[in-house]
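In: no sequence for this one, just the structure:
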């Protein structure tokens, strides 16, 4: 069966729900005083194809699954109608920031840019959490924009999806590289302060198997909407694109 289709994604949600996992947004994870014993945080980084994000948001809404969507403000990607549409379906929306990249590593300029872009998103929806965008082609890690400890209060934020989750307790899975398995394809998509990860999955079917067998109690799933297709033509095109991107990533790793 083909992976990274909307039907496969629906199967993933259904399996988690059937096994009794509670679904949390990033906002809920950070703000709750007590967390359930078993839960899944579903996070979406809307890097491209905002309409795909709206489609996944509808799949989640009919299953009463809340998720968190982080939106970029780049020209051609930032779609106000999609942003408000996702929020109206009951999901959390946050800012997918890349301001240290924009400022070419200048932290002061990055923070000023961050304030401006965050306000653009807040004109449409409430924003309580943010998440960095990791561009493998730049030398910067946008998380380095923050101090130690991060001063989220100055922007009236609860936290950041990478920096404010305890990944020693929550097992992180990302579809970056068209696989759920950690490795060289996750150039910047890695957690900070993570514990030893006991389990891995290559395919979505394998990830479903982990949930069904109860091998993971608390999980965070990063799902990029542009990777999940609703038609055969889109599936083939995205597969080819991901393969080319993966080849480029391996090339970058080889010369470093």
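Out: Nice, I can see it. As the structure is a computational prediction, the values presented were derived from the model and not from experiment.
In: so residue 61 is in which element?
Out: With the criterion set as DSSP states H and E, the secondary-structure element containing residue 61 is helix 50-62.
In: partners of the helix or strand following that helix, with directions?
Out: Downstream of helix 50-62, the next assigned helix or strand under DSSP H and E is strand 68-71. Using DSSP bridges, the strands paired with strand 68-71 in its sheet are strand 39-46 (parallel), strand 92-97 (parallel).
In: now render those strands as TSV, adding mean pLDDT.
Out: As requested, those are arranged in TSV below (pLDDT from 0 to 100):
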stretch	mean pLDDT
strand 39-46	98
strand 92-97	98
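In: can I get these in TSV including mean neighbour count and distance to residue 27?
Out: No exception for glycine: its C-beta is placed from N, CA and C like everyone else's. As requested, these are arranged in TSV below (neighbours: other C-beta atoms under 10 Å; distance: least, C-beta to C-beta, whole Å):
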stretch	mean neighbour count	distance to residue 27
strand 39-46	25	10
strand 92-97	26	5
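In: quick one: the ones you listed as JSON lines, columns for distance to residue 103 too.
Out: Compiled in JSON lines, the strands paired with strand 68-71 are given as follows (distance: least, C-beta to C-beta, whole Å):
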{"stretch": "strand 39-46", "distance to residue 103": "20"}
{"stretch": "strand 92-97", "distance to residue 103": "11"}
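In: ok so, going back, quick one: list the elements packing against the helix holding residue 61.
Out: Packing contacts for helix 50-62, counted by 3 or more C-beta pairs under 8 Å, 6 or more residues apart in numbering; DSSP states H and E, involve helix 6-18, strand 39-46, strand 68-71, helix 80-88.
In: out of the ones you listed, the one nearest residue 151 is which?
Out: Nearest to residue 151 among the helices and strands packed on helix 50-62 is strand 68-71 (19.7 Å), distances taken as C-beta to C-beta.
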